[in-house]
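Engineer: Generate coordinates for the sequence data below:
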Amino acid sequence: MAFNTNLIDERRRRQSISLAAWAIAIKGLTGIAIATVFFPNVSAFCFEPTNRNFHIEYIRSKSFPKKNICMTSQDIDCSYSDTSRYVDELLELAERKKEKDESLDDNAVRDLFRNLSSEENYILDDKSPSLLFDPLVGYYNVSYTLTSRPNDNPVGGKWTRGLWTVKRTMQHVLPPLPVVPAHTNNSDDSGDQNESVSVASKSVAQVINAIRLELLWGFVSVWVLLRGDAVPLKLDPAWTKSSDEIGIDDSIKQKSPSKLLPNLSDRTVKAYFDRPRIGVSLRSRNSSKTFLKRVLTLGPTSAVVLDTPYADDRIRLGKGGTSGSQFLFNRLPETDKEARDGWKWVLEENSKGVGRSLTKKSLVFRLGILGLAFSIINRIAQQRWMKVIAGTYALVSGISIFGLVRSTGGIETEGDTYMKGKQ
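Structural biologist: Presented below is the predicted three-dimensional model:
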């Protein structure tokens, strides 16, 4: 009898647990049904199985219709979850490229670019154009580049070819500079000043292209910077009016985007870049501190057309408006001080420890003066060792002057994709 009593108690306990579980399930389903009927705009859980794991994405909806609230894990079409998965896969492929994975397929990256680019439809508000570009502000690393032609080099230009080591390539989007009215009495400079003010007044952001190089095992550190003002293409005078309508000359025609790709979004800008600035400093091997900082300004101004077909809190996609090159930029954390502040001294004119930047003309003049001084000392000293030093310097300075005269600051000026910037 004791055995039978225990068996009956065990059956009753299992029945109680089963009834309690059914009651909880019924209450839960009833709550979901009530929320779906009376609160169609509430947030929903969207379940989507993937080949890697089972994702549960929390979607904050502004105005979801009832049919778009996902409640099952089968045959679900949830655009936010797809977007998140595309971004995950892109970042994974970028990491594989960083590790120099030879099996990496660029076509898979192109497919992900195309899928993400079709997710958004941006509309520019002419009265408040900056609202469309404010979400792009941030510090970014260039993680992946796809070019339409094999010989194109849109990231770094000529600086990727040399005896130095490329450590980092970045493109930051920062708030626009305040507009400063032009004050000049020189009629020759008034046109250039007015053009700069016009561009700055329509700018919605600054674009900073930053490259960090190292020489001599890190003893010499080099920053190459391009700072530009981004103007929405729809607000750019060279785009809104044709050259025939306003009667501009050939030099202005070269600045206008003559061969734009189709299907560019309203987030397309034309970035007017200043002349390249090269910051050179020395660094001790046992410390990250730099000293003997000098800034050079070389090369011409330039301009590029860049579209942003997709951006979120992790990545930003870029597309060349004339070249068709595609870029993946990933946002950098606040702890990355080098990316956020390490390059800023190159743009600070007359800052402490840097001094005034040297231009191409001033460098050639200094090399010439130094060569003249060596020549005078050689004539006075009449020593053989002095002749060797003077001859060596003459050879080195001659090569340096020739290189400076032909230098473009690393900008690729040849080809049909180069456009002049503001003067």
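Engineer: Who are the contact partners of the closest residue in space to residue 387 that isn't next to it in sequence?
Structural biologist: In this structure, residue 387 finds its nearest non-sequential neighbour in residue 378, 5.9 Å apart by Cβ to Cβ, 6 or more residues apart in numbering. Yep, even glycine has a C-beta here, placed from its N, CA and C like the rest. Residue 378 makes contacts with 386, 387, 389, 390, as judged by Cβ atoms under 8 Å, 6 or more residues apart in numbering.
Engineer: Let's see the helix or strand hosting the first one as PDB, backbone CA atoms only.
Structural biologist: The one in question is residue 386. Element membership of residue 386 [criterion: DSSP states H and E] is helix 384-406. Taking Å, rounded to 0.1, in the frame of the first residue of the first chain, the C-alpha atoms of helix 384-406 are listed here in PDB:
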ATOM      1  CA  ARG A 384      88.900  68.300 -49.600                       C
ATOM      2  CA  TRP A 385      86.400  67.100 -47.000                       C
ATOM      3  CA  MET A 386      84.400  70.300 -47.500                       C
ATOM      4  CA  LYS A 387      84.200  69.700 -51.200                       C
ATOM      5  CA  VAL A 388      82.900  66.200 -50.600                       C
ATOM      6  CA  ILE A 389      80.200  67.600 -48.300                       C
ATOM      7  CA  ALA A 390      79.300  70.400 -50.700                       C
ATOM      8  CA  GLY A 391      79.100  68.000 -53.600                       C
ATOM      9  CA  THR A 392      76.900  65.600 -51.700                       C
ATOM     10  CA  TYR A 393      74.600  68.300 -50.600                       C
ATOM     11  CA  ALA A 394      74.300  69.700 -54.100                       C
ATOM     12  CA  LEU A 395      73.300  66.300 -55.400                       C
ATOM     13  CA  VAL A 396      70.700  65.700 -52.600                       C
ATOM     14  CA  SER A 397      69.300  69.200 -52.700                       C
ATOM     15  CA  GLY A 398      69.000  69.000 -56.500                       C
ATOM     16  CA  ILE A 399      67.000  65.800 -56.300                       C
ATOM     17  CA  SER A 400      64.900  67.200 -53.500                       C
ATOM     18  CA  ILE A 401      64.100  70.400 -55.300                       C
ATOM     19  CA  PHE A 402      63.100  68.400 -58.400                       C
ATOM     20  CA  GLY A 403      60.800  66.200 -56.300                       C
ATOM     21  CA  LEU A 404      59.300  69.200 -54.600                       C
ATOM     22  CA  VAL A 405      58.500  71.000 -57.800                       C
ATOM     23  CA  ARG A 406      56.700  67.900 -59.200                       C
END
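Engineer: That one - contacts with which helices or strands?
Structural biologist: Counting contacts by 3 or more Cβ pairs under 8 Å, 6 or more residues apart in numbering; DSSP states H and E, helix 384-406 packs against helix 360-381.
Engineer: and the helix it packs on, C-alpha only, in PDB?
Structural biologist: Extracted C-alpha coordinates of helix 360-381, given in PDB (Å, rounded to 0.1, in the frame of the first residue of the first chain):
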ATOM      1  CA  LYS A 360      56.700  74.300 -51.600                       C
ATOM      2  CA  LYS A 361      58.200  77.700 -52.300                       C
ATOM      3  CA  SER A 362      59.600  78.200 -48.900                       C
ATOM      4  CA  LEU A 363      61.200  74.700 -48.900                       C
ATOM      5  CA  VAL A 364      62.900  75.300 -52.300                       C
ATOM      6  CA  PHE A 365      64.100  78.700 -51.000                       C
ATOM      7  CA  ARG A 366      65.600  77.200 -47.900                       C
ATOM      8  CA  LEU A 367      67.300  74.500 -49.800                       C
ATOM      9  CA  GLY A 368      68.800  77.100 -52.200                       C
ATOM     10  CA  ILE A 369      70.000  79.300 -49.300                       C
ATOM     11  CA  LEU A 370      71.600  76.300 -47.600                       C
ATOM     12  CA  GLY A 371      73.300  75.300 -50.800                       C
ATOM     13  CA  LEU A 372      74.700  78.800 -51.300                       C
ATOM     14  CA  ALA A 373      76.100  78.800 -47.800                       C
ATOM     15  CA  PHE A 374      77.900  75.500 -48.400                       C
ATOM     16  CA  SER A 375      79.300  76.900 -51.600                       C
ATOM     17  CA  ILE A 376      80.700  80.000 -49.800                       C
ATOM     18  CA  ILE A 377      82.200  77.900 -47.000                       C
ATOM     19  CA  ASN A 378      83.800  75.600 -49.500                       C
ATOM     20  CA  ARG A 379      85.500  78.500 -51.300                       C
ATOM     21  CA  ILE A 380      86.800  79.900 -48.000                       C
ATOM     22  CA  ALA A 381      87.900  76.600 -46.400                       C
END
